[in-house]
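>>> Kindly return the folded structure for what I paste below:
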Amino acid sequence: MRLTILGGGGFRVPLVYKALLADPERTVSEVVLHDVDPARLDAIRRVLAALGSLPVRATTDLREALTGAAFVFSAIRVGGLRGRVVDERVALAAGVLGQETVGAGGIAYGLRSVPESLRIAALTAEVAPDAWLINFTNPAGLVTEAMSGLLGDRVIGICDSPTGLIDRVLRALGVTAGEVRVDYAGLNHLGWLYGVHDKTGRDLLPGLLADEKRLQTIEEGRLFDNLRELGAVPNEYLHYYYDPAGTLDAVRSARQTRGAFLLDQQLRCYHEIAAREPLEAWLDAWREREATYMAENRSLTGADEREHDESRPAGYEGVALAVMRALARDEPATLILDVRNWGTLPVLDDDAVVEVPCRVDARGAVPLPVGPLPEHAVGLVRAVKATDRLILSAAATGSREAAVRAMATHPLVGDPALAARLVDAYRAELPELAYLA
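Next up, the predicted model:
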């Protein structure tokens, strides 16, 4: 089976390739890399050549890359990391958070990502109608919802944050995934783990939340200080919502924003791939990148260093491989994925893409029943989904007014006058947003 990776010159592609090599059945027999930057493609091909022998070819022609694919991974970044730097800088200058997928920066990124993702979905439907499209492109839930209008349930969004959270909680509880059923739900980067039920139906989570010593063994227990009151373990991205002022101060006091750091690191990494042993250069950069992930949030709360175990395939590449194996080999798996709601969360409509446990097999990914969202989560989920819908409207119509309303609707912006200034500032610096009129 052929796998096409869009954004094939991206930094994380070797992680996917390593997962494919570790698959004993070799579900994927050929990899096609597509990118708009031939130099990046060449650099990543050199890293992959040092990793293994699974056939790889590269192209800058999107139609050629998609034609005949069984699986398509969409991992693009419209505007590149320079666009992310603008997303963050404009928001900070206006006094609000501009994280990649959260707040003003996430909205600007979504307004860039959706039009190109729709073009990819339309071409996939034309030249690879039987392909499964697995979306990594951020903001992942929003982009998956946009693509589902053209590809239906053949597009599945994935993220490694829920998998990592649940893995840490189950280890703290001393149980395995096969022994329990979890209640995890919400939107991408806006989800909560609020139940861990054993075979008798007993919820194990309250015991963990009441045990401060055990809570300190997991990242989320160190990042959040109100888990017992919440009755849930939030996705790490909820920290931006729970302490926006503190996080904003931490980001402002940092030497550079995350996007600026990654841009500098990426430029160094691709240069070093060309100048020395490619795999060694990439591994050094990857380890540095993992160690500094959400550093401001962890520093603010005293959460210490990020857990990083290279022997555990818990990243998004592991989730992606599990999805492909389930689809291609009809090996049923239960995974947290971004899919259409279909009544799973009654607070949202059926077409809303949500992040919930799913059963995946050859027929696709079907959301599983979960307990009702905690009451404290409902308003936030509805507000962020309303923002998503306004972004989709702006992308479909080219309406600046819809983009401004999206900004104003988001809980981390809120002010219509500020929203208008933000949209105009982004339009002035990001040519990809020239379509907003």
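
>>> buried residues in the helix or strand encompassing Arg57?
Per DSSP states H and E: Arg57 is located in strand 56-59. Neighbour counts over strand 56-59 (16 or more other C-beta atoms under 10 Å) mark Val56, Ala58, Thr59 as buried. (C-beta placed from N, C-alpha, C; glycine too.)

>>> same thing with stretch 359-373?
Arg359, Val360, Gly364, Ala365, Pro367, Val370, Leu373.

>>> beta partners for the fifth one?
This points to Pro367. Judged by DSSP bridges, the bridge partners of Pro367 are Cys358.

>>> For stretch 330-344, give the mean pLDDT please.
Stretch 330-344 comes out with an average pLDDT of 97.

>>> Let me fix that, I meant to ask about stretch 203-212.
Averaged over stretch 203-212, pLDDT sits at 97.

>>> End to end on that stretch, go ahead and measure it.
Stretch 203-212 has an end-to-end distance of 18 Å (criterion: C-alpha to C-alpha, to the nearest Å).

>>> re earlier: tell me the one of the buried residues of strand 56-59 nearest Leu15?
Closest approach between the buried residues of strand 56-59 and Leu15, by C-beta to C-beta: Val56, at 14.5 Å.

>>> just to revisit the earlier point, in terms of secondary structure, what does the strand holding Arg57 contact?
On a contact count with 3 or more C-beta pairs under 8 Å, 6 or more residues apart in numbering; DSSP states H and E, strand 56-59 meets strand 30-34, helix 38-51.

>>> Alpha carbons of the shortest one, as CSV, please.
Listed in CSV are the C-alpha atoms of strand 30-34, where the atom choice follows Å, rounded to 0.1, in the frame of the first residue of the first chain:
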residue,chain,number,x,y,z
GLU,A,30,5.9,2.6,-0.5
VAL,A,31,6.1,6.2,0.8
VAL,A,32,5.7,9.3,-1.4
LEU,A,33,6.8,12.6,0.0
HIS,A,34,5.3,15.8,-1.2
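
>>> Can you list the helices and strands that that strand packs against?
Using 3+ C-beta pairs under 8 Å, 6+ apart: strand 30-34 touches strand 2-6, helix 13-22, helix 38-51, strand 56-59, helix 62-66.

>>> Of all these, which one comes closest to Gly191?
When the helices and strands packed on strand 30-34 are compared for distance to Gly191 using C-beta to C-beta, the nearest one is helix 13-22, at 22.2 Å.

>>> in the closest one, what's buried?
Val13, Pro14, Leu15, Val16, Tyr17, Lys18, Ala19, Leu20.

>>> Test my guess that the second one contacts Leu51.
Yes: with contact defined as C-beta atoms under 8 Å, Pro14 and Leu51 form a contacting pair (6.2 Å).

>>> tell me, what's touching those two both at once?
Leu279 (C-beta atoms under 8 Å, 6 or more residues apart in numbering).

>>> and Val366, what is it in contact with?
By C-beta under 8 Å, 6+ apart, the contact set of Val366 is Val339, Trp342, Cys358, Arg359, Val360.

>>> Backbone torsions only: list them for Ala406.
Main-chain dihedrals, Ala406, degrees, to the nearest 10: phi -60, psi -50.

>>> which ones are touching it?
Ile107, Leu111, Thr387, Leu390, Ile391, Ser393, Ala394, Ala419.

>>> Could you give the number of residues near the nearest residue to it once chain neighbours are set aside?
Counting by C-beta to C-beta, 6 or more residues apart in numbering, Ala406 lies nearest to Leu390, which is 3.7 Å off, once chain neighbours are set aside. Leu390 has 23 neighbours, counted by other C-beta atoms under 10 Å.

>>> I figured Leu390 was touching Arg400, is that so?
No: using C-beta under 8 Å, Leu390 is not in contact with Arg400; the gap is 11.7 Å.

>>> quick one on the thing from earlier: return the member of the buried residues of strand 56-59 nearest to His197.
When the buried residues of strand 56-59 are compared for distance to His197 (C-beta to C-beta), Val56 comes out closest, at 43.0 Å.
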